[in-house]
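# Show me the folded form of this:
(one chain, ligands or ions: 1)
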Amino acid sequence: MDILQQISDQIDLGDDEKVHELTTTAIEQKIPVKKILDEGLLQGMNIVGQKFKEHKLFLPEVLMAAKAMNAGMELIKPLLLSDSIPMKAKVVIGTVRGDLHDIGKNLVGVMLKGAGFEIIDLGNDVTPEKFVETAKTEGAEFIGMSALLTTTMPVMKEVVDQIRKENLEEKIQTLIGGAAVSRSYAEEIGATAYCYDGSNAVEYLNSIV
Ligand code: B1M
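Numbers count the residues shown, from 1 in each chain. Here you go, the predicted structure:
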């Protein structure tokens with residue numbers, strides 16, 4: 001069976017050791033890292049997401065799948081970063097308050113870093129105050145927020161509102177992403193941009209920096 005298919009299957013089964021082993025082999029076989037990511041790791045996580053939605057998998061299994069995904073991510077991270085160039089701009093990134101989903105946010109952070117942006121990663125469950133204060137003290141030009149839950153996406157609006165209230169729109173742009181949000185939501189709350197995924201975030205930032 002195709003090794004990328006095996007990686008995807010082992011994520012679905014939540015076997016972090018197997019994913020580590022298979023990802024190592026895929027790297028040794030010189031399969032392009034973006035292909036390992038898209039057709040192996042992300043593919044597996046998409047299947048898990050679909051099964052979770054259909055109640056065919058439950059939370060502990062999803063946690064195991066997330067652990068397996070991270071086992072692969074740790075191996076490809078340095079490769080995604082290897083082409084890095086001098087820092088172009090600072091981006092404060094985090095998953096919003098109440099939301100613990102950080103796999104996508106981590107991935108976006110790695111890709112932006114690889115594309116030459118300085119990343120200040122605040123982790124998950126980040127309050128609006130923390131986003132804005134950090135961007136101010138660090139002199140960051142961008143705040144990148146991730147939300148995977150419909151219940152946590154309104155926190156993004158709090159950040160945008162806070163930026164407006166402090167008249168910082170000229171200095172700090174807000175980017176949003178994550179499965180819960182969309183371009184129209186970004187427009188609705190007045191965020192500067194919606195980024196579909198890490199590549200899209202890189203493309204957007206490169207186009208304006
Ligand atoms: Co949760 N979960 N989860 N979960 N989980 C979802 C999001 C859900 C869609 C599953 C489902 O029902 N199908 C659903 C949300 C429903 C909704 O709100 N509409 C859900 C739920 C309900 C929950 C709980 C509430 C379950 C419960 O407790 N009953 C709970 C909430 C906990 C909390 O956060 N407070 C919960 C918990 C968890 C785990 C802890 C078990 C685990 C997270 C582990 C971790 O992140 N460390 C988990 C997981 C793994 C998922 C799914 C299966 C996979 C998410 C993922 O990592 N995808 C997810 C189903 C799904 O999304 N299909 C689901 C892979 C990742 C690479 O993609 O994060 O979308 P993603 O990131 C993408 C893009 O969205 C984009 O780029 C990334 C790369 O392509 N992007 C950005 C993301 N952030 C960006 C920021 C940017 C730009 C682009 O900034 C500029």
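# now the residue nearest to the spatial centre of the chain, nearest residue through space, not along the chain?
Nearest residue to the geometric centre of the chain (Cα atoms, centre = their mean): K105, 2.3 Å. Nearest residue to K105, sequence neighbours excluded (Cβ to Cβ, 6 or more residues apart in numbering): S146, at 3.9 Å. (C-beta placed from N, C-alpha, C; glycine too.)
# residue contacts, the one you found?
S146 sits next to 93-96, 99, 101-102, 104-105, 108, 176-178 when contact means Cβ atoms under 8 Å, 6 or more residues apart in numbering.
# Pick out the most distant pair among the residues you listed.
D102 and I176 (15.3 Å; Cβ to Cβ).
# neighbour-wise, which of these two wins?
Neighbour count, other Cβ atoms under 10 Å: between D102 and I176, I176 has more, with 27 against 19.
# List the pairing partners of the helix or strand hosting the more buried one within its sheet, with orientation.
Using DSSP states H and E, I176 maps to strand 173-177. Each strand paired with strand 173-177, and its direction, by DSSP bridges: strand 142-146 (parallel), strand 193-194 (parallel).
# Quick one: name whatever helix or strand follows the longest one.
With elements assigned by DSSP H and E, the helix or strand that comes after strand 142-146 is helix 154-165.
# sorry, back to before: do you know the pLDDT at the residue nearest to K105?
S146 carries a pLDDT value of 98.
# hmm, back to that, and the strands paired with strand 173-177: which comes nearest the ligand?
Of all those, strand 142-146 sits nearest to the ligand, with 3.2 Å by Cβ to the nearest ligand atom.
# so who does E187 touch?
Contacts of E187 by Cβ under 8 Å, 6+ apart are Y194.
# Same check on E118?
So E118 contacts M87, A89, K90, V91 (Cβ under 8 Å, 6+ apart).
# now the residues you listed as TSV including secondary structure?
Below are the contacts of E118 laid out as TSV (DSSP: H, G, I helix; E, B strand; the rest coil):
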residue	secondary structure
M87	coil
A89	coil
K90	strand
V91	strand
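# Which single one of the residues you listed is nearest to the ligand?
V91 (8.0 Å).
# list the contacts for the closest one?
Contacts of V91 (Cβ under 8 Å, 6+ apart): L112, F117, E118, I119, I120, A140, E141, F142, I143, G144, L175, L205.
# cutoff 10 Å now
Counting by Cβ atoms under 10 Å, 6 or more residues apart in numbering, V91 makes contact with 108-109, 112-113, 117-121, 135, 138, 140-144, 173, 175, 201, 205, 209.
# So which of those residues reach the ligand?
V108, G144, L175, A201 (Cβ under 6 Å from any ligand atom).
# Adding distance to E187 and neighbour count, write these out as CSV.
Formatted as CSV, the ones next to the ligand among the contacts of V91 follow (distance: Cβ to Cβ, whole Å; neighbours: other Cβ atoms under 10 Å):
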residue, distance to E187, neighbour count
V108, 20, 26
G144, 17, 27
L175, 13, 24
A201, 17, 26
